Structure formats: structure tokens, C-alpha cells
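Asks: Structure, please.
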Amino acid sequence: MIRTAIALTLLVALASADLVVLRDRTILEGTATGTAESVTMDGTTYPFGEILLWETAEGEVKNQPSYRDQMRAYDALNDRVMLARCADLLPKAIEAKQGGSARALLAAAERLGMEPDDVDKFAAQVADLDQASDAQFELGEAKAFAALLAEKSKTNGALKENLRGLELLRSSLRRDKAQPIALDVLKTVAPGPKKSSRRRRRRRMTPEQEKAAAEARVVWLDWKIDVLPSKFGRIRLLSTRHEEMDRAKELWRTRDSEGKFQYKTIYGVETDEIVFLTPLKRTDIVKTCVSIARFTARALEELFATDKPKRGTTDPLVIYFYENNKQYVELSGRGRGVAPNPTIAMSAGHYVPSENVSRFFWPDRPGAKHSVRETFVHELTHHWIQERNPRWERAEQPQGMDAVTIKGAWIVEGIAVFMQEARFDLERGTWSHFNPHAMALDTVASIAKEKSLMDWTKMFTVTKQELHQVVETGKIMGTYKGKWNIFPIPMSEMLLFYKQSGSTCIYLYWAENGKYREKLLDYVTAYYTGNKEGTDIEKAFGMTPAQLGAKVEKFAQQVVDGWRPKGE
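Replies: Modelled structure (predicted):
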């Protein structure tokens, strides 16, 4: 995995010193001493409660961090490497007069923790660069290109010209937020209240409403420039009259101290595959999440493609994206008349079948892109298979007890982990279902050496109803010390259920030149349509659960040792 490789590179560089990563993401290097309760470095003592990781110069991990703490430590190390990279590229971008790249690098460096004095220094240089690069654009010409901006042309050439005009407009407003001509142009091209053909008096907006409308126009401009342009299909801004927009506004509303309803401004986009709704204004985050969601849907469409689709028109997947964990937890139960599930607080996303909604939030830390990508792909796989899989009709899916008592629940999480482990290139719009550094395979290969894997027969025969009764969340089965991780990770039986299920799907898709590939897809169909005979491992794949498990273990080790399918 990329993050692991980056962190590993950093650790090699720090091999001559102890490494301590604190919970506030501070990274300390030097000589550390400590006991079971605390660690001391450079005269300062830190209790273990404040420490994510303490690794000695010899590579010994002194404390045993939880899986979540290790992920945070990975993020902190990754942030440090990325900050150094940004600091190296930023002066080069400024020297080359690449204004867009310089602004992006500066924004990234600031989020990653660049010193304020350095931020101010580079910001001044970027501002000078902006002023020089936009010198040819006079604000007096704004009205001349206003018509071009508003033109609804379908030709690629006009689209590029429109985008350039919008970028010039935003550049002008960033230099002077109150520039009257630029504001007038923005008011002309941004959607908003239109003049009525009837002669009637329109109620004048209050100063607060004017301010909110002006802010909404600026956000619209950012979304038009940063989110909508795509080489891989059309993305449309969601109309304020869209039914999902009305539903989202109700779900996000709150009461003020006087008991009056307060409504958040919700922004949204739609594609053929998804409807994405959020109060978040960070267009870089929104574009990343929309791209991940679209390519997940497209990869699944390719995976489950069939000459005889049973579903006709399908609704897009609805995604709610919250601003933070607190909002995510508090509002997840709203609309269903239920209190939030306490386990939701431990997640970064979940899918609710009864609502056709997946909910997510962006963790409040830099370097979260990798973990968010994995969560998005995993949960949206559940969502897409339930709502859009063409191999069965929705009416064929079992209901009630029939849905939770069928054996083979492993396939639900297995196919989601299979997709989660895939490689996505958001820039090129490509993906591959083979990942030579798949953590699931590395885990199975590592734990198999200890003979501590979950019993394969138990894993393959458990039902959804039994899952949280017979698979123990707190029972530690072994320690993952694989090739692609840095720190030892204790693995519970439940974690192994996910890893072994995902590894099985990877094996069935790739092994023996794809011999079992169609059988894997048939197994997914059998489980989701309640076909009990079709979910019998021996009948489905021609081998017992124990035999299949043994083949998965052998395959996992082969991939870790360097095996690759042809063409990958």
C-alpha cells in the first residue's frame, strides 16, 4: 500500500534514532527511555495514554498500539513525508510561474502543518505570481465574457473557454472580495432568484439573506471549477428543487435557542450513478469522494456485467457526507425515528439498505484520503450490489428471517473487501481488481504461519444472524506480522473474518486463470436471492470448505512472494 511504503521509507531514514508518535501527531526523534507507564525524551515525560507509537532504533515496538492508533501513526508519518515533498516542490512551482500548482501545493502544505512564517512567506510569493499572471485580464472586460460564461454550449471548445472565464472571475474575487464588477458578473452567471414576468413586487432580502446568497454564489463558483469538470462523464449540480435536496435539508435541520428551525445550506451533485449531498464547502474533498464513488460503481458494473440483465432502470446511490464525526453520529438516526447506533461512532461510514443511503464523513486530520477511499469503496459496494446489481431483480431478494438465516454471509463482506483492495487511479479513470500488496492476502499468509486463522468451515457456513454471536470481536487469534505492514497488529476473530472472506474472493477471481470467476459471481447472486443450494461451498466450487481454505492460504503466500496474473 502506498501509505505503508511511504512510512517505511521514512522509518529507514530514522533507523538511527528512537521514534515516538504522539496523539497530537507530533513526531519525536532521539533517545527515549521509559517504563510500562511512560516514556521520556529530551527531558520531557509522556504517559503512554498520549503515545500512538514508540519504536526503538533497533526496530522494537515498545508499546502495543491498537489497530486504530497504528493507522493514526501511519497518517502522521505520511503527513511528514508529504509536507517535505510539498516544501520541495512549492519554490519550483513559483519559479516556473505555475500559479495553479503553487496555490495547490501551498494549501496542502498548510493543512499538513507547515510553519506559519513559511506559509506567510510563500503566500506572498504566490500572490505576486497571481497578480503578474492575471495582469492581462482587466476587470473592465468582465461584462464582455459574462455572456460567454452563461452560454450553454455542448462543444468542448466552448466548455474550455467557459471554464477559463470562471477561473479568471474567481481569481479576481480572491484578490478583492468586494470588487463590484466581478460581483456583478458572478450574480449574472450564478443560479438564483430570477425576475418574474408578472408585475409583482418581490420581497426584499434581509442583510443576512443577502450575505447567505452571496456566499452561496461563491461556493457555486468553486464547485463549477473544481468539482464539475470531468474527463469521465457528466457531473451535474443538483437543483434546489430536487426531491433528495428537500429530504437532506430536513435531515440536517436544527433548532436554535428559541426553538426555531435553522436550516444548513446543502450542496449536491448528481451523475448517472450517484446523488451526493453535503453541507461541506471543501471542493477538494468533495471531488475526491465523488470520483471514488463513481469509479466504484463503474468497476462494479464491469465486474457484474451480463448479457441478460434482469433489472431495468435503477435509482442512483444516495450519499450523505457530513462535516465531522459529531454530526455524522448525531444525524445518522434522523429520519428513521431511532437513536443513533453507538457502534456508528467507531466507523467512518455505513450503508442503510432501508433508505438507499450511505453515510460518511471526512476524518478531521490530514492524510485521511487513503482510509476514506477504503471506507467509501467498501460501503458503496454493499450499496451498489443491493440496489443496482443487474443479475437479479430487487423482488427476488429474500425478506425477514429468510434474509438472515441463509449460510454464506462471508460473501457480503468478502466481495466488499475484494473491491476495497482494488487499485483505483482517479486521475486516469482506471482500476484493477488485482493488488499485489493486498493487506487481506498478506494478513492470511502471515497468520497462517501461526496456524491461528479462523476455522474455514465456520467462516463459510455462518449466517448473518449468527455472525455477531459466534464470531468474537474481542478474541485475539494471532498477530499480523506480514510483508506489507510496519508494526505488528493483533487480529481479532472478527477482523480475520473480513480478511479471510476478502482473500477468498481474490483467490476465486484470479486463481487458475480465472477458473472460478463466474462461479464467484454466481455465488453472490445465490446469496442475495436466497438460493440455499447455491451457497453450499462444495456444490458451488467443487471442494469442501477446508480444501478451499487451504487453497486460499497457499494462494495468499504465492502473491506475497511475487506471483502476478498475466497482464497485471
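
Asks: What helices and strands are in contact with the helix or strand containing Lys519?
Replies: Here Lys519 is covered by helix 517-528, with elements defined by DSSP states H and E. Packing partners of helix 517-528 (3 or more C-beta pairs under 8 Å, 6 or more residues apart in numbering; DSSP states H and E): helix 369-388, helix 410-420, helix 493-514, helix 537-541. (Each C-beta comes from the backbone N, C-alpha and C, glycine too.)

Asks: Which one of those helices lies nearest to Lys481?
Replies: helix 493-514 (13.9 Å; C-beta to C-beta).

Asks: What helices and strands are in contact with that closest one?
Replies: Against helix 493-514 (3+ C-beta pairs under 8 Å, 6+ apart) you get helix 410-420, helix 439-449, helix 456-461, strand 476-480, helix 517-528, helix 545-560.

Asks: okay, the ones you listed in a markdown table with distance to Asp128 next?
Replies: Below are those laid out as a markdown table (distance: least, C-beta to C-beta, whole Å):
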| stretch | distance to Asp128 |
| --- | --- |
| helix 410-420 | 45 |
| helix 439-449 | 45 |
| helix 456-461 | 62 |
| strand 476-480 | 51 |
| helix 517-528 | 57 |
| helix 545-560 | 51 |
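
Asks: Show me where the stretch 251-400 of the chain has its helices.
Replies: For the stretch 251-400 of the chain, the helices defined by DSSP state H, counting those that start in this stretch cover 283-303, 325-331, 369-388.

Asks: By mean pLDDT, show me the worst of those.
Replies: Ranked by mean pLDDT, the helices of the stretch 251-400 of the chain end with helix 325-331 at the bottom, a mean of 86.

Asks: circling back: can you dump the C-alpha coordinates of the helix holding Lys519 into PDB?
Replies: The C-alpha coordinates for helix 517-528 follow below in PDB (Å, rounded to 0.1, in the frame of the first residue of the first chain):
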ATOM      1  CA  ARG A 517     -14.500 -16.300 -11.600                       C
ATOM      2  CA  GLU A 518     -18.000 -16.800 -12.900                       C
ATOM      3  CA  LYS A 519     -18.800 -19.200 -10.100                       C
ATOM      4  CA  LEU A 520     -17.900 -16.500  -7.600                       C
ATOM      5  CA  LEU A 521     -20.400 -14.100  -9.300                       C
ATOM      6  CA  ASP A 522     -23.000 -16.900  -9.300                       C
ATOM      7  CA  TYR A 523     -22.400 -17.300  -5.600                       C
ATOM      8  CA  VAL A 524     -23.100 -13.600  -4.900                       C
ATOM      9  CA  THR A 525     -26.300 -14.000  -6.900                       C
ATOM     10  CA  ALA A 526     -27.300 -17.100  -5.000                       C
ATOM     11  CA  TYR A 527     -26.800 -15.500  -1.600                       C
ATOM     12  CA  TYR A 528     -28.700 -12.300  -2.400                       C
END
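
Asks: Give me the residues contacting it.
Replies: For helix 517-528, contacts defined as C-beta atoms under 8 Å, 6 or more residues apart in numbering pick out 303-304, 385-386, 389, 391-392, 396-397, 406, 408-409, 411-412, 415, 505, 508-510, 531, 533-535, 540-541.

Asks: which of those residues are buried?
Replies: 303-304, 385-386, 389, 391-392, 397, 406, 408-409, 411-412, 415, 505, 508-510, 531, 534-535, 540-541 (16 or more other C-beta atoms under 10 Å).

Asks: Tell me, please, the helix or strand in the chain that averages the lowest pLDDT.
Replies: helix 2-13 (a mean of 38; mean pLDDT, DSSP states H and E).

Asks: Quick check: what element follows it along the chain?
Replies: According to DSSP H and E, the helix or strand after helix 2-13 is strand 18-22.

Asks: That following strand: partners in the sheet, and parallel or antiparallel?
Replies: With DSSP bridges as the test, strand 18-22 is paired with strand 27-30 (antiparallel), strand 51-55 (antiparallel).

Asks: So which bits of that strand are buried?
Replies: Buried-residue list, strand 18-22, by 16+ other C-beta under 10 Å: Asp18, Leu19, Val20, Val21, Leu22.

Asks: I'd say the second one and Glu29 touch.
Replies: It refers to Leu19. Yes: Leu19 is within contact range of Glu29, at 6.2 Å (criterion: C-beta atoms under 8 Å).

Asks: For the longest helix anywhere in the chain, the averaged confidence score.
Replies: Counting residues, the longest helix found in the chain (DSSP state H) is helix 67-95. Averaging pLDDT along helix 67-95 yields 77.
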